[in-house]
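K.L.:
Below are the sequence and a predicted model; questions follow.
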Amino acid sequence: MRHTLRGQTLTVYLSGELDHHSASQIRQELDALIRDSRARRLVLDLSSLTFMDSSGIGVILGRYNQMARRGGSLAVRKPSSQINRIFDLSGVYQIVERL
Amino acid sequence: MNGNKMDLRFSALPENEAFARLAVSAFVLPLNPNLEEMEDVKTAVSEAVTNAIIHGYQGKGGEVRLQAQYDGESKSLCVEISDEGVGIADIQKAREPLFTSRPDLERSGMGFAVMESFMDQLEVQSALGKGTKVRMTKRFT
């Protein structure tokens, strides 16, 4: 999973499709990166994510909770319009910032 | 071009979530949907098939049936996803946004809300111990 760590900001580039099938591996990889980097801010770059259904909401809110427990925050950037509609519908932007 | 239909049965395995949405998107191609309409259908099908696998069969496997038909004149599509799993005790409750029976799996409870919002019509029939059928329709521009 491509990622960069600048200061306390961990940016992870998600690619491919995020559904129930791929969610468990993506979740595991993200959790390992969060743990190892000790970042205070997680930015998920979605520009190469070609598909996401509501399974992705679970993944994102789960990571939001993890970051919040560490006193940190989560933001997403460059969601496709399809993904953005799912975020809007789910109220994700009430707690997750869109960059 | 008149009517067209398809009827697929596949194992209730997570890897078939992608298969199901790709099968439907290939099937509707002759209707020339725009990109957004195509994404709508793929997303809704993905939600319904995932529900069948996780909730209907509780991850223990079974068979999912995916039927679709369209009318070329009216450009209207009807998709049905059915399982013979445990069924839904309270459909009203299940359809409420953010309600999930599986918070342990980090499910968001948004599946039915997404189907409802991305398609024109959503109908859910379910019987405990017998299974669930989700019927969705959408008319393309």
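P.N.:
Nice, I can see it.
K.L.:
Quick check: buried residues in stretch B:94-103?
P.N.:
Residues of stretch B:94-103 classed as buried: B:94-95, B:97, B:99-101 (neighbour count, 16 or more other CB atoms under 10 Å in any protein chain shown). Every C-beta, even on glycine, is put in place using the N, C-alpha and C of the backbone.
K.L.:
wait, stretch A:92-99
P.N.:
So stretch A:92-99, judged by 16+ other CB under 10 Å, has buried residues A:92, A:96.
K.L.:
again, but for stretch A:51-68
P.N.:
Buried, per 16+ other CB under 10 Å, within stretch A:51-68: A:51-64, A:66-67.
K.L.:
which non-adjacent residue is nearest A:Thr11?
P.N.:
In space, and not counting its chain neighbours, A:Thr11 is closest to A:Val43: 4.4 Å by CB to CB, 6 or more residues apart in numbering or on different chains.
K.L.:
Quickly find the element holding that neighbour.
P.N.:
Using DSSP states H and E, A:Val43 maps to strand A:41-52.
K.L.:
Point out the other helices and strands that that strand packs with.
P.N.:
strand A:9-18, helix A:55-69, strand A:73-77, helix A:81-90, helix B:35-51 (3 or more CB pairs under 8 Å, 6 or more residues apart in numbering or on different chains; DSSP states H and E).
K.L.:
what's the distance between the longest helix along chain A and the middle of its chain?
P.N.:
The longest helix of chain A (DSSP state H) is helix A:20-37. Taking CA atoms, centre = their mean, to the nearest Å, one finds the center of helix A:20-37 at 10 Å from the center of the full chain.
K.L.:
Same question for stretch A:54-66.
P.N.:
Its chain's C-alpha centre and that of stretch A:54-66 lie 7 Å apart, by CA atoms, centre = their mean.
K.L.:
Quick one: residues in contact with it.
P.N.:
Outside stretch A:54-66, the residues that touch it by CB atoms under 8 Å, 6 or more residues apart in numbering or on different chains are A:18-20, A:23, A:26-27, A:30-31, A:34, A:42, A:44, A:74, A:76, A:83, A:86-87, A:90, A:92, A:95-96, B:47, B:50, B:105-108, B:110-111, B:113-114.
K.L.:
can I have it written out in CSV, keeping just the CAs?
P.N.:
Below are the C-alpha coordinates for stretch A:54-66, written out as CSV (Å, rounded to 0.1, in the frame of the first residue of the first chain):
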residue,chain,number,x,y,z
SER,A,54,-20.8,0.9,1.9
SER,A,55,-18.2,-1.6,3.1
GLY,A,56,-15.8,1.3,2.6
ILE,A,57,-17.8,3.5,5.1
GLY,A,58,-17.2,0.8,7.7
VAL,A,59,-13.5,0.8,7.0
ILE,A,60,-13.2,4.6,7.1
LEU,A,61,-15.3,5.0,10.3
GLY,A,62,-13.3,2.2,12.0
ARG,A,63,-10.0,4.0,11.2
TYR,A,64,-11.6,7.3,12.3
ASN,A,65,-12.3,5.7,15.7
GLN,A,66,-8.7,4.5,15.9
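K.L.:
Averaged pLDDT, that stretch. What do you get?
P.N.:
Stretch A:54-66 comes out with an average pLDDT of 95.
K.L.:
quick one: low-confidence ranges for chain A?
P.N.:
Residues of chain A meeting the criterion pLDDT under 70: none.
K.L.:
Any residues of it in contact with chain B? List them.
P.N.:
Chain A comes close to chain B at residues A:17, A:19-21, A:23, A:27, A:51, A:53-55, A:57-59, A:61-62, A:81-82, A:85-86, A:89-90, as judged by CB under 8 Å from any CB of the partner chain.
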